[in-house]
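[1] Provide a 3D model corresponding to the input given below.
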Amino acid sequence: QVQPEESGGGLVQPGKSLRLSCVASGTVFTITDMGWYRQAPGKQRELVATIESDDRTTYADSVKGRFTISRDKEKNTVYLQMNSLKPEDTAVYYCNIGAAQCVDCRLRWYWGQGTQVTVSS
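    Prediction:
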């Protein structure tokens, strides 16, 4: 089993920054795409940013220019640097990882438990 584990959430004032991390623990043979999603109270889960195996990135329009996704392939870790945070960024942030546990194993997608980010003065 692959288990993504998020960290780095918390309470921050508007305009400040936070950095989220997500490490894929367990038996991992290879990781393809990695991403961050978020879910605010009463809303559906939405894509924040993704990074592919060739390091191509995509971002939601609402975070472009403020958030940066990156990865450390040796550490099986994905990061989300969040700058100029706004109250509307308040949500539970989830890590999503595409991984295979062996050379002949099927690619599966795994979700972390989530980390709360609250932006408030």
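[2] contacts, neighbours, all on C-alpha from now
    Fine.
[3] residue closest to the middle of the protein?
    Closest to where the C-alpha atoms of the chain average out (CA atoms, centre = their mean) is W36, at 2.8 Å.
[4] Quick one: residues contacting the residue nearest to that residue when sequence neighbours are not counted.
    In space, W36 comes closest to C95 once its chain neighbours are excluded; the distance is 4.8 Å by CA to CA, 6 or more residues apart in numbering. Neighbouring residues of C95 by CA atoms under 8 Å, 6 or more residues apart in numbering: 4-6, 22, 34-37, 111-114.
[5] Same question for S17.
    The contact partners of S17, taken as CA under 8 Å, 6+ apart, are 81-85.
[6] Dump those residues to CSV, plus neighbour count.
    Listed next are these as CSV, based on neighbours: other CA atoms under 10 Å:
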residue, neighbour count
Q81, 14
M82, 20
N83, 17
S84, 15
L85, 22
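[7] and which of those residues is nearest G42?
    Distance to G42, by CA to CA, is smallest for L85 among the contacts of S17, at 20.2 Å.
[8] doesn't S120 make contact with that closest one?
    No - in this structure L85 lies outside contact range of S120 using CA atoms under 8 Å: 9.4 Å.
[9] Now the common contact residues for the two.
    In contact with both L85 and S120: 13-14, using CA under 8 Å, 6+ apart.
[10] quick one on the thing from earlier: across the sheet, point out what pairs with the residue nearest to the centre of the chain.
    Residues in a beta bridge with W36, per DSSP bridges, are A49, C95.
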